[in-house]
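Enquirer: Sequence and predicted structure are below.
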Amino acid sequence: MSETAIRAQIVVRGVVQGVGFRPFVYRLAQEHRLNGWVLNSTQGVVMEVEGARAAVEGLVGDLSAKAPPRAVIDRVETSFLPPVGYSSFVIETSQEGEESVLISPDICICPDCLRELFDPRDRRYAYPFINCTNCGPRFTIIGDIPYDRPKTTMRVFTMCPPCEREYHDPSNRRFHAEPNACPACGPRVELVGRERQPVGNSDGSQPIEAGRRLLAKGAIVAVKGLGGFHLACDATDPQAVEEMRERKQRIDKPFAVMSLNVETVRRYCEVAEGEAQLLESPARPIVLLRRRAGSPIAAQVAPGNNYLGVMLPYTPLHYLLLAGDGQSEVPTPLALVMTSGNMSEEPLAIDNQEALDRLAPLSDYFLMHDRDIELRCDDSVTRLFRGKEGIIRRSRGYAPYPVRLDMDLAEVLACGAELKNTFCLTKGSDAYMSQHIGDMENYETYTSYRSSIEHFQRLFRVSLRAVAYDLHPNYLATQYAEELAAEGLEAVGVQHHHAHAVSCMAENGVRGQVIGVAFDGTGYGSDGHIWGGEFLLCDEADFSRQAHFEYVPLPGGEAAIRKPYRMAVSHLLHAFGEEALSLPLELWSHIEPAELTLLRRMVTGRVNSPLTSSCGRLFDAISALLGVRRVVNYEGQAAIELEMMAAEGVEEGYPWQLTPGSPMTIDPGLLVREVVSDLLRGVEPGVISARFHNTVAEIIGGVSEAIREKTGVSKVALSGGVFQNVYLLGRTLDHLQRRGLEPLIHHLVPTNDGGIALGQAVVANVRLRKEASRVSSYSRAAL
Ligand SMILES: [Zn+2]
Ligand SMILES: [Zn+2]
């Protein structure tokens, strides 16, 4: 060691574990001739390096400049210490502690591993669990931090000597690759029938090949993936797809498909360049793509939808399932349906025995393996909108990577909403959004929700200071918050649409006042009515309701959501009074006279009919009125099908009116009367749909402008499930921009209720801070 040696302690924070960071540091230390050590700690990656000053500086520079592809560095902190005379550079065992580190999401197989997978000379040829420091499972196998093999579900597999050598060889791509494995020592695949009897060769060999043969013959096979089981079948086989629908009791809700590569996808969908990038991104989300007319994909895959949800394979097992091992006689399918392995609305099956028990009625065969899934994680769903990603379901490949907020956050849990639930934990400047939990309508989902919250608290070392919740008294997520409040935690109630708007503000980094336009199906209002067509003036702490659609009754409450024709009746009675019943509408022939009498009584007498300003329900009503969809079998179906049929090239809308008041109101009756008049004149339903959409977009522009005139605020945050409608969203942006307003939309978190937890978390944080400053000024006053 020379006289001029210095020692530096360096802490690298960010996504630096499970992405090959320590071997990278090891190689840098060799390159720069530095001694010392590196380890994973709960802070991130910590190292000490000792040697010439120029060499230390060179290494520090390279840490950010040459970082491994999947690493995300937030900060590099360097402090200098007196040299101690290290004689070598070593990777030390991990340190445990109470600080948190970012955990990598699961990463799809990398190009190097993919090459080995299909190389007959490689010792991992056709091995379905091939991975390295640049790829493989992470979030779904990690039980705790720091990220080391004993803390993952790989702990039960002991590495064989060759794997062990790679793992300890700093020049190897698998140096400290925690899930490292090979056919000799790692997890294995088996193909079994419903009674767990082996299928295929009697010795159980070539289970994937046997699975491919069965799929080609029309079978339904449950396939264990990263975050749970999929149900797979040939997407070009109408009978197989129909059979899958019947067994899953899923009538129309679209299925996602998986194809080998982008070229294959282009045979049945339009794929723009940005969409190809999303498909090929390491997160491998399901991407919504416009389908080509007349493609061989069975119509039953996504009935009534102009889009298909498509993903590329992300595990080696998926690649083998689609492409075979290169010697297979079974051709590569154009696409496989890959839908979540569950009965509709139950959580995804993750455990082998659980899958056999729960999925036996759904699946003929099970292609599964003995690497356990620590945490359930559904596929993510995304789309490209005007050149930018707009995520619809943020889950595998994205979670648990946080949304970065430019503010100091207390440790707060936001419980989320009822449908498409996600929760959010805040700490530092990070908002950790959970993976998609699902619709909290059954006990199994609620159980999964609770255990995921505990898992996140452990992984991110969060000890809660407060809990934020939706005001709806019957949400299970709200009941969970009440339990925590009963244990003494401070609880902050956040109005549903306020949370929507703040979620949009937060991910766009906008502070202060905005006009929040929150359009969705259902959200509990501050007045106890059901809101959903709201114009708010809001900041991160509070809101005032500036305008909304006039209330109409929701006949039978929940029942009206499943039966859009009920909303049509309600809106017709609102628009025309009793005269509605003598209009020559086809709708009447689809409602039993007894039910119609009942509906009239419910609406006019306000019996079991809560009031709603919901824009989602207005879409439902128009959809039913036009005969597009009178009864739905999945959430949002009536509005989606109404959007899909909107005619192109229609620019005009209907007249509308803003009634002054506090808040101002928009009468949907005017709109409904115009729709009926078009309908009776025989105007094409597609044209009526387009005119209706155009009017809603115009209303958003006009009302926002009126609010700007009153308040001087020109930023408009658009949020709520209604804005998943790209026809509406595009027109709305045009209207707002034309008026010089500044629209904000969602990109990082969903615009639907899956994004609401972020808004709740921010509102709670800001309110707590305000409260704290009030308390401290009181106590100062007391002195
Ligand atoms: Zn790899
Ligand atoms: Zn091995």
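Expert: Yes, it's here. Ligands and ions are numbered 1, 2, ... in the order given.
Enquirer: Please count neighbours and contacts with C-alpha atoms only from this point.
Expert: OK.
Enquirer: a strand runs through Gly754, doesn't it?
Expert: No: read with DSSP: H, G, I helix; E, B strand; the rest coil, Gly754 is helix and lies in no strand.
Enquirer: which bits of the chain sit near ligand 1?
Expert: Residues of the chain found near ligand 1, taking Cα under 5 Å from the ion as the criterion, are 110, 113, 131-132, 134-135.
Enquirer: ok, which stretches of the stretch 251-400 of the chain are helices?
Expert: Secondary structure of the stretch 251-400 of the chain by DSSP state H, counting those that start in this stretch: the helices cover 262-266, 273-280, 316-323, 352-359.
Enquirer: Any idea how many residues pack against the residue in the stretch 651-783 of the chain that ligand 2 sits nearest to?
Expert: Here the stretch 651-783 of the chain gets closest to ligand 2 at one residue, Leu748, 38.7 Å apart by Cα to the ion. Around Leu748 sit 19 other residues, with neighbours defined as other Cα atoms under 10 Å.
Enquirer: For it, give me phi and psi.
Expert: phi -90, psi -30 (degrees, to the nearest 10).
Enquirer: what sits against it?
Expert: By Cα atoms under 8 Å, 6 or more residues apart in numbering, the residues touching Leu748 are 389-391, 403, 507.
Enquirer: try it again with 6 Å
Expert: By Cα atoms under 6 Å, 6 or more residues apart in numbering, no residues touch Leu748.
Enquirer: Help me confirm that Ile515 is found in a strand?
Expert: Yes: under three-state DSSP, Ile515 sits within a strand.
Enquirer: Could you point out the bridge partners of it in the sheet?
Expert: On the basis of DSSP bridges, Ile515 is bridged to Leu537, Val716.
Enquirer: And it, what's its pLDDT?
Expert: As predicted, Ile515 sits at a pLDDT of 98.
Enquirer: Just list the residues touching it, thanks.
Expert: For Ile515, the contacting residues are 536-537, 716, by Cα under 6 Å, 6+ apart.
Enquirer: and those, which are buried?
Expert: 536-537, 716 (16 or more other Cα atoms under 10 Å).
Enquirer: got a winner among the residues of the chain next to ligand 1 for most neighbours?
Expert: Busiest of the residues of the chain next to ligand 1 [other Cα under 10 Å] is Asn131, holding 29 neighbours.
Enquirer: where in the stretch 551-700 of the chain is pLDDT low?
Expert: Applying pLDDT under 70 to the stretch 551-700 of the chain picks out no residues at all.
Enquirer: Can you show me the helices along it?
Expert: For the stretch 551-700 of the chain, the helices defined by DSSP H, counting those that start in this stretch cover 558-562, 564-576, 593-605, 615-625, 637-644, 668-680, 685-711.
Enquirer: how far does the last one sit from the chain's center?
Expert: If you compare the mean C-alpha spot of helix 685-711 with that of the full chain, they lie 28 Å apart, counting by Cα atoms, centre = their mean, to the nearest Å.
Enquirer: swap in the third one?
Expert: Put simply, helix 593-605 sits 40 Å off its chain's centre (Cα atoms, centre = their mean).
Enquirer: Report the buried residues of it.
Expert: For helix 593-605, a neighbour-count test (16+ other Cα under 10 Å) marks 596, 599-600, 602-604 as buried.
Enquirer: With the last one instead?
Expert: Neighbour-count burial for helix 685-711, counted by 16+ other Cα under 10 Å, picks out 685-708.
Enquirer: Look up the closest residue to the closest residue to ligand 2 within the stretch 551-700 of the chain, ignoring the ones flanking it.
Expert: In the stretch 551-700 of the chain, the residue that lies nearest ligand 2 is Tyr634 (46.0 Å; Cα to the ion). Counting by Cα to Cα, 6 or more residues apart in numbering, Tyr634 lies nearest to Lys253, which is 6.0 Å off, once chain neighbours are set aside.
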